[in-house]
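Asks: when you get a sec, could you give me coordinates for this:
(3 chains)
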Amino acid sequence: MNTKAAPLLDVANLTLRIGASGRTVVNDVSFQVFPGEIVGIVGESGSGKTLAARAVMGFIPPAVRLEGGTIRFDGQDVMAMSAKDLRTMRGSKVGMVFQEPMTSLNPSMLIGRQLDEGLALHRKLDAPARRALILDMLRSVGLRDPEGALTAYPHQFSGGMRQRIMLASVMLLKPALLLADEPTTALDAVVQRDVMELMVELTKANDTAVLLISHDLGMVARYCSRIVVMCQGDVVEQGLSEDILARPQHPYTRKLLSAMPHRLPARLLPEAKTPIVAVRDLVVDYPGRQGFFRKGEAKRALHGISIDVQPGEVVAVVGGSGSGKTTLGQSIAGLVKPAGGEIRFNGKPIQKSDAAYWDYRLNCQMVFQDPYSSLDPRMTIRQLVAEPLRLVPDMTPADRKARVAEVLTEVGLGDGFAERYPHELSGGQRQRIAIARAIVRRPSFVIADEPVSALDVTVRAQVLELFDELQKKHGFSCLFISHDLGVVEQVADRVIVMQDGRIVEEGPRDDIFDNPRHAYTQKLLAAVPGLESTPEGGVRLFWRRTENEASIVG
Amino acid sequence: MFRFALTRIVMALPTLLIVAVSVFVLIRLIPGDPAQLMLGDLATPASLADLRARLGLDQSLPVQFGIWIGNVVTGDFGQSISSQQAVLPLILQRFWVSAQIVLVAVLLASCVAVPAGVIAAWKQDSALDLGLVATATLLLSIPTFWLGLLLLLFFGLKLEWLPVVGYVSIAENPWAGILYLIMPIMTLFLHEIGVILRMARASTLELLRLDYITHARAKGLSERAVLWRHAFKNAFGPTWTLIGLVLGNLLGGIAVVETVFTIPGLGRLLVDAIFARDYPVIQGCMLFVAFTYVLVNLVIDLCYPVFDPRVTAQ
Amino acid sequence: MSSDSTVSTGASVKKARRMKLPAPNAIVGGTLIGILLATACTGALWTPYDPLKLSFREKLAAPSALHWLGTDEFGRDVLSRLMAGAATSVWISILTVTLAVIAGTTIGLFSGYMRGWTDRIIMAFNDALLAFPGILLALGLLAVVGANKYGIIVALGIAYTPSVARVVRGTVLSLREREFIAASRVMGNSEGFTMARHILPNCIAPLTVLATSMFGYVLLAESALSFLGLGVPPPAPTWGNMLAGSRPYIGQAVWLGIFPGLCISLTLLGINLLGDAVRDRLDPRMRGSR
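Replies: Numbering: from 1, shown residues only, chains lettered A, B, ... in the order given. Sure thing, here's the model as predicted:
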């Protein structure tokens, strides 16, 4: 953007190490941020990006030591600053927005007071002037009732609203640099986009430079003019966004790019007469809160949903939080009892006969979201994967052992893993075990509830690839639930979009992605980039617009 | 807020009821004729018949319970077998003595231990922290009856600064009364410092990990401002609840300190009653202490929203 | 979403450090507990003198080469009595904790499994029993059961059952929210099988922590009750009743008041230190290896 001669932030050869002889977590990292520009640092867990960013503000945890390099902010060496100077810098020159909106505001302090604190510290204004500034800022971040917010507590606001309040709090002081550490990761896809747009708007208006840290390459590419790619503590590549995307040099960058979901040509499935799973008018209610006197109002989670899943088909269900997609998956899996409606498996209603139910039970399996919670920590891998086989009639112990070994190989984990425990494995490996456990009975129908959402980007790609491979090999049908449209684009044959417990749109994948009709679908799609491969092995991103925005020049 | 208070109060009622039932059942479990047990050696056929009629012993158990609870609610806890006094006034008199000691000790201990615990957490793993934790652990490992004995030995016998036995009510003679209370209070004070400091330190450590502390620093606030304005208030909430537990535990266990210093408190009343098989007093004490404990916890719960506004939203 | 936050770096560093050396907490605590258990075991089988043997010639003798810790008002050797007392107290505490754990786990598991109104009613009774603070319930039970060695075990066991039940029920309820329980149900396992195979084994860790800290509380409670005269009745020695017996002679024979109290304190200190070390060790791991 506005590259004057002197960079606002100049990080040179920064090296941070744990303890005296421990691991180097940030290794010889150099990058610059010029006034007014937006720079993004992209990396996965363990890349050191968060530590490097926090070091800019002087927040180095006690266990970590500065081994070498300098951080200069506006010409001054941050590491050599006195405590007083650091305090002056923090807040008024450099501001920081954190990832978790739920815990970054003091729960027992009024919003007004929290916003006033920084302002009172750094500016010489009297109380009424400060109040006016605060109200103004709250209005510009989109709060409908700024006066009310002043005397409210954080818990009275949703995650997205809290993040806006955080932005207001930080931008009140018009810092020269804003550090945004995964500011939208904990938010819904649609809300994410809104908050990012707000952040960009505010920083442009105040000429604030931004250092955006994220694992989401797509989001970073969209908003940042320059990108720094970090891996295991090193900067592997940096440059202009378009250059990085179109002509990636380093293998890791290429890996990151290829991990971004690509659309493959739609496949034709054979016509089938009966869908393998048919859901009709499914109604599910959340029980109301049980007080001693009266039951609270029951909230309707699903308002009569009807879905068909054909044999061998992958049907994706997408929606934001509160859309009911998880409840749908849970009720089809039998974890939640529906208040009304019918589920048929191979044409037979499962709620009516025991035999039909049991047939369904054996053939329907589920993969869960959290690899850290879906495996019993006290069981070995072998026990975990073999457990479902317990209920399969006519299998000898030898058969079971063979099947377990077979399935472990299929998910890419050798026999050496069989005697290990879940806590010894990484998130990606655990999710492979979860998948192995789900397919060990060779089910005909698998429900996958956000199976890759909790994983790192490159790991995500691997697991998705595995899932895809297995689905093609074994031909099971799949109900794939996700909030991430990018992931869905890669795996789905058909897409169903849900909002507030209702289906708002459904259709073949290409139709939904290329010609969305419903406003909510368009909003969801606007938050996700489309990819086009370039001849040099890179990608070009393009962003869809919703109908309202079609006329806005971006 | 009103709904919150009302809910809490109503939720306490079943507990009180079950407590009353438990106490009633407990005493009835003792083999033998209840009337005989109540009157002990002073029983005459006439008084036995009279008591049986009053307790409704010829009627069903629930009715007997009803009669008993009815009496309790109107303040009639029966009569002590040993001393022929009405039980409730006796309990209240003794409770006043115990309460002075417990409340003063816990109040003083909190004033010292809570800030110390917060500071220890703030300077985690420093020499100050390790020293404070070691002292606290040491203090809470010493049983109160031994600590009292040691204090008695030192200040009472060796130095002869404080009286060793006996008690005088403050109402009668303030200066002498205080002298008698100093050592028991000091015993509990020292012990509870250990308990409360560790609890305050643990809560503070929990919340120092949270993002809003870093956020406060990121605003440029000084360490002291962050500590007192953000950490302290939030740490106090859980500690406040635990202080309620401490008070309760002391109510239950003060008998040992009263024994060491020969203080006529509620604990000692109960223990003497157990030895003397004075069942009305045993019943009365148990009911009274349990009810007081429930009330104390209720008050603590009702004050909680002051520290954590999220509570009323639930 | 895994990310390299400062917290995880700190915790993993601490974890790495602890893997190499046990913390000083653990060493001191472990040593003290080791001494206690060794004394208790020895004391059950052998003591230098017969703890009950009276010897008026030697009464109130100060510590000497003959009687390392002196004698009491009946001429009984203090060291032998302390050792025998250790055996008694440890034995009583173990039995009490076992009773409370078995009863409490059964109630907690049942309540957590049934949920709904059954759970509420059971917990209402449980909480009402918890409304009797400290040793109050035990005192009341002793009035009914009678004050002796077995009375204490029953009274304290019942008094501590509600705390165990509450912890177990809490663990069961939180485990139910974990996805591997849902996975078990989707697999087709019955609720009963899920409880036995998945929930119960995962309760063992919190139960172990609870049982260890309860051991300390029970030991202290037993000493306190014996001090009050409601515990193990004399002449059988226990540290609590030895302290009680020392009171009339405290001026002349100060050692009678020092040693029993010192034993109780050192034991509790050991338990507290060890408990701290265990909790610190478990803590980073309990947060998951993210």
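Asks: check the secondary structure at the closest residue to chain B within chain A for me.
Replies: Using CB to the nearest CB, the closest approach of chain A to chain B is made by A:G91 at 3.5 Å. Any C-beta I mention is one placed from the backbone N, CA and C, and that applies to glycine too. What DSSP: H, G, I helix; E, B strand; the rest coil gives for A:G91 is helix.
Asks: skipping adjacent residues, who's closest to it in space?
Replies: Nearest non-adjacent residue to A:G91, counting by CB to CB, 6 or more residues apart in numbering or on different chains: B:G220, 3.5 Å away.
Asks: look up phi and psi at that neighbour.
Replies: phi 100, psi 10 (degrees, to the nearest 10).
Asks: my read is that it contacts A:R90, right?
Replies: Yes - using CB atoms under 8 Å, B:G220 makes contact with A:R90 at a distance of 4.0 Å.
Asks: so who does the residue of chain A closest to chain B touch?
Replies: A:118, A:121-122, A:173, A:175, B:218-221 (CB atoms under 8 Å, 6 or more residues apart in numbering or on different chains).
Asks: which members of the residues you listed are the farthest-apart pair?
Replies: Using CB to CB, the pair of the contacts of A:G91 lying farthest apart is A:P175 and B:L221, separated by 15.2 Å.
Asks: okay, now the unreliable bits of the stretch 151-300 of chain B?
Replies: B:170 (pLDDT under 70).
Asks: give me the helices and strands touching the host helix or strand of B:G117, please.
Replies: Assessed by DSSP states H and E, B:G117 sits inside helix B:87-122. Judged by 3 or more CB pairs under 8 Å, 6 or more residues apart in numbering or on different chains; DSSP states H and E, the packing partners of helix B:87-122 are helix B:127-141, helix B:174-208, helix B:233-253, helix B:266-276, helix B:279-307.
Asks: nearest to B:A12, of the ones you listed?
Replies: Nearest to B:A12, of these and by CB to CB, is helix B:279-307 at 5.3 Å.
Asks: need the contact partners of stretch C:165-184.
Replies: Residues contacting stretch C:165-184 (CB under 8 Å, 6+ apart): A:330, A:335, A:366, A:368-370, A:373-376, A:387, A:434, A:437, C:103-105, C:107-109, C:111-113, C:119, C:122-123, C:126-127, C:130, C:193-194, C:197-199, C:202-203, C:206-207, C:210.
Asks: so which bits of chain A are right by chain B?
Replies: Residues of chain A lying close to chain B (CB under 8 Å from any CB of the partner chain) are A:57, A:59, A:87-92, A:95-96, A:98-100, A:103-109, A:117-118, A:121-122, A:153, A:155-156, A:166, A:169, A:291-292.
Asks: please flag which of the residues you listed sit within helices.
Replies: Assignment to helices by DSSP state H places the following of the residues of chain A next to chain B there: A:87-92, A:117-118, A:121-122, A:166, A:169.
Asks: rewinding a little: put the buried members of the contacts of A:G91 into a PyMOL selection.
Replies: Of the contacts of A:G91, the buried ones can be selected in PyMOL as follows, counting by 16 or more other CB atoms under 10 Å in any protein chain shown:
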select buried, (chain A and resi 118+121+122+173+175) or (chain B and resi 218+219+220+221)
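Asks: dump the contacts of A:G91 to a markdown table, plus distance to A:L16.
Replies: Formatted as a markdown table, these follow (distance: CB to CB, whole Å):
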| residue | distance to A:L16 |
| --- | --- |
| A:G118 | 27 |
| A:L121 | 29 |
| A:H122 | 28 |
| A:L173 | 27 |
| A:P175 | 24 |
| B:A218 | 19 |
| B:K219 | 24 |
| B:G220 | 23 |
| B:L221 | 25 |
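Asks: and which of the contacts of A:G91 is nearest chain C?
Replies: Nearest member of the contacts of A:G91 to chain C, counting by CB to the nearest CB, is B:A218, at 12.8 Å.
Asks: contact residues of the stretch 201-314 of chain B facing chain A?
Replies: B:210-212, B:214-222, B:229-230, B:233-234, B:237, B:307-310, B:313.
Asks: pretty sure B:L26 sits against C:L139.
Replies: No - shown here, B:L26 and C:L139 do not form a contact pair, counting by CB under 8 Å, at 10.7 Å.
Asks: shared neighbours of the two, anything?
Replies: B:M286.
Asks: if we can go back for a sec, what's the average pLDDT for the helix holding B:G117?
Replies: Averaging pLDDT along helix B:87-122 gives 90.
Asks: tell me the contacts of C:E58?
Replies: Contacts of C:E58 by CB under 8 Å, 6+ apart are C:67, C:71, C:75.
Asks: and A:S533, by the same measure?
Replies: The contact partners of A:S533, by CB under 8 Å, 6+ apart, come to A:262, A:539-540.
Asks: which PyMOL command selects the buried ones in those?
Replies: Of the contacts of A:S533, the buried ones can be selected in PyMOL as follows, counting by 16+ other CB under 10 Å:
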select buried, chain A and resi 539
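Asks: turn the contacts of A:S533 into a markdown table, columns for secondary structure and distance to chain C.
Replies: Formatted as a markdown table, the contacts of A:S533 follow (DSSP: H, G, I helix; E, B strand; the rest coil; distance: CB to the nearest CB, whole Å):
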| residue | secondary structure | distance to chain C |
| --- | --- | --- |
| A:H262 | coil | 22 |
| A:V539 | strand | 23 |
| A:R540 | strand | 26 |
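Asks: host element of A:S323?
Replies: Assigned by DSSP H and E, A:S323 falls within no helix or strand.
Asks: and A:V29, helix, strand or coil?
Replies: strand.
Asks: show me the beta-bridge partners of it.
Replies: A:L14 (DSSP bridges).
Asks: isn't it up against A:V235?
Replies: Yes - applying CB under 8 Å, one finds A:V29 in contact with A:V235, separated by 5.1 Å.
Asks: near chain C, which residues of the stretch 151-300 of chain B show up?
Replies: Near chain C, when you scan the stretch 151-300 of chain B using CB under 8 Å from any CB, you find B:152-153, B:157, B:209, B:245, B:248-253, B:255-256, B:259-260, B:270-271, B:274-275, B:277, B:279, B:282, B:286, B:289-290, B:293-294.
Asks: quick check on those residues: which are buried?
Replies: By 16+ other CB under 10 Å, those give B:152-153, B:245, B:248-253, B:255-256, B:259-260, B:270-271, B:274, B:279, B:282, B:286, B:289-290, B:293-294 as buried.
Asks: quick one: contacts for the residue of chain B found nearest chain C?
Replies: Of all residues in chain B, B:G252 sits closest to chain C, at 2.6 Å by CB to the nearest CB. B:G252 sits next to B:289, B:293, C:132-136 when contact means CB under 8 Å, 6+ apart.
Asks: the nearest residue to it once chain neighbours are set aside: neighbour count?
Replies: In space, B:G252 comes closest to C:G134 once its chain neighbours are excluded; the distance is 2.6 Å by CB to CB, 6+ apart. By other CB atoms under 10 Å in any protein chain shown, the residues close to C:G134 number 23.
Asks: again with the one 5 residues further on
Replies: Applying other CB under 10 Å, we find 29 residues neighbouring C:L139.
Asks: show me which residues of the stretch 151-290 of chain C sit near chain B.
Replies: Checking the stretch 151-290 of chain C against chain B by CB under 8 Å from any CB, the hits are C:220, C:223-224, C:227-230, C:240, C:243, C:246-247, C:250-251, C:254, C:257, C:260-261, C:264-266, C:268-269, C:272-273, C:276.
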